[in-house]
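Q: Turn this into a model:
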Amino acid sequence: MPDTPPSVPDFTQWPSFPFEGDLRVKHLDDPVPVEPPRKGEAHRECTACQAPDDAYIWVGERWRVRAMDRPTGLPMVLILESRSHLDLGDLPNLLAAELGVMTVRLERAIRSLDGVARVHVNRWGDGSAHLHMWFLARPYGRLQLRGTFLSLWDSILPPISEGKWRENLALVAAWLAEFGGRPLAEPPRIQWQAPSSLAAQSASAGNEPTEGGSLLDAIGETADPPDAPGGVPVAAADDEAESGAQTTAEPAESPTPQGRSIAEQEGDHADDSPAPQQEESGGEATAVPPQASEVAEKPGEVPPQAVTGG
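A: Numbers count the residues shown, from 1 in each chain. Okay, the predicted model is just below:
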């Protein structure tokens with residue numbers, strides 16, 4: 001007797017499910033006897049550890065934050081990584097406590113951006129052994145994007161403008177710098193032009209489609225990264241094969257390791273990154289100062305002493 005394919009689950013009828021039409025459940029492969037090593041384990045190179053600080057939008061003594069290599073459909077997609085090559089369950093008590101502080105702080109920074117209603121925090125980790133947490137901003141008023149399918153919608157929606165994306169990166173970096181560390185993302189520079197050239201430029205720009213990135217490509221949780229990079233982190237989809245994201249005002253600089261895309265890094269992480277380094281506490285903040293609740297948090301912050309042991 002032929003196998004009867006299982007019926008599709010009820011969530012395919014949810015308003016947030018991004019697809020419609022006839023669907024069928026894929027055949028589940030037999031389990032493998034031994035799982036393949038992730039990027040960064042079993043003597044495999046870790047792209048997060050190899051990435052320089054200038055591939056990130058903000059860096060601290062024990063944590064770094066990176067972005068995708070280009071705008072995607074969501075207002076903001078960021079990745080929080082530890083400098084030490086550790087996975088989530090390997091964190092010593094100090095880093096475990098700081099992970100909670102950094103998660104709340106980064107969520108508040110992203111939620112302060114215009115047009116952001118909620119921030120989804122995800123951790124997959126099938127691509128890279130180096131700890132990385134995903135932060136996805138859900139646009140305000142877009143109720144169809146609520147819930148578990150937000151990462152899918154990020155690859156479907158048209159990408160936001162690069163100028164707005166870079167501005168958002170600079171604002172988040174400045175917010176984090178209010179509590180220490182160094183912001184590396186800068187807002188886009190104003191391109192001064194003669195009024196006569198503005199009309200022609202806007203007309204031609206309206207005819208050119210904007211090419212965006214893909215969170216799923218960066219995550220690459222279940223497959224090898226498309227280009228084998230680590231995106232900004234530079235990511236991507238979780239498990240990032242990233243190529244290098246531009247986060248500063250200068251076109252040559254990017255928030256991800258040069259020559260690697262988030263999908264590549266995320267292939268590390270996903271299918272989803274750095275060595276300890278002394279943190280610089282300065283950093284000129286260019287965004288709105290933190291709210292009172294943020295300032296109140298500072299006194300209780302864990303002192304920036306070096307982590308030893310696990």
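Q: What mean pLDDT does stretch 65-80 get?
A: The average pLDDT for stretch 65-80 rounds to 94.
Q: Would you mind measuring the gap between the ends of that stretch?
A: With CA to CA, to the nearest Å as the measure, the first residue of stretch 65-80 is 5 Å from its last.
Q: ditto for stretch 6-25
A: 6 Å.
Q: Show me which positions of that stretch end up buried.
A: Within stretch 6-25, the residues scored as buried using 16 or more other CB atoms under 10 Å are S16, F17. To be clear about C-beta, it is placed using only N, CA and C from the backbone, and glycine gets the same treatment.
Q: now do stretch 157-168
A: Quick answer for stretch 157-168 (16+ other CB under 10 Å): L157, P159, I160, K164, W165, R166, E167, N168.
Q: Format the CA atom coordinates belonging to that stretch as PDB.
A: This file holds the C-alpha atoms of stretch 157-168, laid out as PDB (Å, rounded to 0.1, in the frame of the first residue of the first chain):
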ATOM      1  CA  LEU A 157       9.100  41.800   1.900                       C
ATOM      2  CA  PRO A 158      10.800  44.400  -0.300                       C
ATOM      3  CA  PRO A 159      14.000  45.700   1.400                       C
ATOM      4  CA  ILE A 160      13.900  49.100   3.200                       C
ATOM      5  CA  SER A 161      15.900  52.000   1.800                       C
ATOM      6  CA  GLU A 162      19.700  51.800   2.400                       C
ATOM      7  CA  GLY A 163      19.700  55.300   3.900                       C
ATOM      8  CA  LYS A 164      17.000  54.400   6.500                       C
ATOM      9  CA  TRP A 165      18.800  51.200   7.300                       C
ATOM     10  CA  ARG A 166      22.200  52.900   7.900                       C
ATOM     11  CA  GLU A 167      20.500  55.500  10.000                       C
ATOM     12  CA  ASN A 168      18.900  52.800  12.200                       C
END
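Q: residues contacting L131?
A: E81, S82, L86, D87, L88, D90, L91, G125 (CB atoms under 8 Å, 6 or more residues apart in numbering).
Q: Which two among these are spaced furthest apart?
A: E81 and D90 (13.8 Å; CB to CB).
Q: neighbour-wise, which of the two wins?
A: E81 (27 against 14; other CB atoms under 10 Å).
Q: So in that sheet, which strands flank the helix or strand in which that one is found, and in what orientation?
A: Here E81 sits within strand 77-82, counting by DSSP states H and E. Pairing partners of strand 77-82, with direction, according to DSSP bridges: strand 63-67 (antiparallel), strand 132-139 (antiparallel).
Q: out of those strands, nearest to E45?
A: Minimum separation from E45 across the strands paired with strand 77-82 (CB to CB) falls at strand 132-139, 15.7 Å.
Q: which element follows that closest one toward the C-terminus?
A: In N-to-C order, the element after strand 132-139 by DSSP H and E is helix 150-156.
Q: Report the backbone C-alpha coordinates of that following helix in CSV.
A: Taking Å, rounded to 0.1, in the frame of the first residue of the first chain, the C-alpha atoms of helix 150-156 are listed here in CSV:
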residue,chain,number,x,y,z
LEU,A,150,8.7,36.8,10.9
SER,A,151,12.0,35.4,9.7
LEU,A,152,10.2,34.1,6.5
TRP,A,153,8.6,37.4,5.9
ASP,A,154,11.9,39.1,6.1
SER,A,155,13.0,37.3,2.9
ILE,A,156,9.7,38.1,1.1
